Structure formats: C-alpha cells, structure tokens
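1. show me the folded form of this:
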Amino acid sequence: MSAASTQPAIDGWFATDESGAPYLIGSKCHRCGTYVFPPRTNNCPNPTCDGDELAQVPLSRRGTLWSYTENRYPPPAPYPAPDPFEPFAIAAVQLADEGMIILGKVVEGTLAEHLKVGMEMELTTMPLYVDDDGVERVVYAWRIAR
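-> You can find the predicted model right below:
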C-alpha cells in the first residue's frame with residue numbers, strides 16, 4: 001500500500017518527523033508546565049492550576065514500561081477487531097522526559113509474556129484496519145526499544 005493510502009485512525013494524536021519517525025502530539029500548560037495527552041488547547045488538567053492556554057508540543061518517543069495487560073477478548077464496536085481475533089498487549093509507558101503515562105497497544109506479535117515492568121519502550125505505528133475507501137488506518141503503538 002502506498003504512503004498516500006495510509007492515514008491516522010485518529011487525526012491530531014501523532015505525526016512523523018522528517019526521518020519518518022513517529023511522535024505523539026501532546027499539550028503543555030503555559031502556566032504550570034503540565035503535559036496532557038491527547039492534545040487539547042485549553043483547560044489545564046492540573047487541579048491546582050487555573051491555566052486555560054495550552055500549546056501543542058511533541059512528546060518523547062521513548063519511555064519505561066510502567067504496567068501492561070493482555071486483551072484476550074475482542075473489543076466492542078466501533079473498535080475494529082480482526083476475525084479471527086488475536087490477543088494483544090496494552091502497555092502503560094511512562095515517558096522519559098515528561099513523566100506522564102501513555103496507554104497504547106503494543107505491536108502485533110508482542111504478548112504480555114514478552115514484557116517486563118521497567119523495560120524501555122519506544123513509539124512506533126501499526127495498521128489498525130482498512131476503511132471502506134481502501135485507506136489503511138494506522139495508530140500509534142509501543143514496541144520494546146531496540
């Protein structure tokens with residue numbers, strides 16, 4: 001499939017740099033420096049801050065595996081589940097620089113038995129489904145750091 005027929009499943013959550021490496025797009029409060037993901041433009045999530053202006057910023061590509069689980073049943077609609085369903089791992093990764101924890105699917109073929117709390121993880125992308133127009137929809141995902 002060509003690059004022109006590949007699009008994010010959700011716009012605005014991640015992008016790629018000049019080298020093609022993906023990065024998450026977060027927001028940072030101008031007043032207190034709190035980060036948030038997915039990105040937003042206002043309403044700081046820090047309950048002790050009354051900041052109402054957030055800037056979009058690239059987030060770290062690497063972090064430490066904070067926790068994980070394995071999804072052993074098909075998720076409900078509208079999430080597209082392959083048939084037959086294959087279990088997949090979900091990782092909670094604490095970003096290296098921001099300290100926030102980002103939840104995401106782990107690349108296909110990586111089950112919970114391959115993961116260990118504290119290991120280094122890195123951001124990547126993976127196909128989620130092909131839409132009715134033949135466009136491959138991709139999501140951000142975690143993989144064990146190389």
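
2. report the contact partners of the most far-flung residue of the chain relative to its centre.
-> In the chain, the greatest distance from the average C-alpha position (C-alpha atoms, centre = their mean) is reached by residue 50, at 27.1 Å. Contacts here follow C-beta atoms under 8 Å, 6 or more residues apart in numbering; on that basis residue 50 touches 31, 44. (C-beta placed from N, C-alpha, C; glycine too.)

3. mind running it again at 10 Å?
-> Counting by C-beta atoms under 10 Å, 6 or more residues apart in numbering, residue 50 touches 29, 31, 32, 43, 44.

4. shouldn't the last one be in contact with residue 31?
-> Yes - proximity of residue 44 to residue 31 meets the contact threshold set by C-beta atoms under 10 Å, at 6.6 Å.

5. comparing those two, which residue is more hemmed in?
-> Just comparing residue 44 and residue 31: by other C-beta atoms under 10 Å the higher neighbour count belongs to residue 44, 22 against 14.

6. is the more buried one part of a helix or strand, or is it coil?
-> coil (DSSP: H, G, I helix; E, B strand; the rest coil).

7. any idea how far it lies from residue 7?
-> Using C-beta to C-beta, to the nearest Å, residue 44 is found at 30 Å from residue 7.

8. surely residue 129 touches residue 6?
-> No - Residue 129 lies out of contact with residue 6 (C-beta under 10 Å); the separation is 11.8 Å.

9. overlap in contacts, the two.
-> Common neighbours of residue 129 and residue 6 (C-beta under 10 Å, 6+ apart) are 135, 136, 137, 138.
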